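3D model of this:
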Amino acid sequence: MADRGRRRVPSLRREELAQLAWIRNVYYIRLEQGLDRHPSSDVISGLAHALQLNYEAAEYLLKRCRSYEPAHRIGPRMASAAR
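This next block holds a predicted model:
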């Protein structure tokens, strides 16, 4: 990655994180803003790798991303049964 000068905080920039996770910067920004709420397992794994998460943290991230299943995707019968 190219050095872009001095940083105020020693952390990854959005573009760098997206590049390390093998996703487009625009898609990462959409995820960050909550505009895309269903990233694939590959995207989640890529982000976990880019952030250097350990196994437990990566599994937690994957479970959290999969725990949200909106009612319109699982159907009205399943949504009412889940309550």
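
got the contact list for stretch 19-37?
Taking Cβ atoms under 8 Å, 6 or more residues apart in numbering as the criterion, the residues outside stretch 19-37 that touch it are 1, 12, 14-15, 17-18, 39, 43, 46-47, 49-50, 68. Placement of C-beta: from N, CA and C, glycine included.

give me the low-pLDDT residue ranges for the protein?
Under the criterion pLDDT under 70, the flagged ranges of the chain are 1-5, 7, 9, 68-83.

Out of the contacts of stretch 19-37, name the ones that lie in helices.
14-15, 17-18, 43, 46-47, 49-50 (DSSP state H).

Identify the residues contacting the most centrally placed residue in the chain.
A centroid search over the chain (Cα atoms, centre = their mean) returns Ile44, at 5.0 Å, as the residue closest to the centre. Residues near Ile44 by Cβ under 8 Å, 6+ apart: 61-62, 65.

ok, it to Arg6 distance?
Using Cβ to Cβ, to the nearest Å, one obtains 32 Å as the distance from Ile44 to Arg6.

Kind regards, and thank you for your time.
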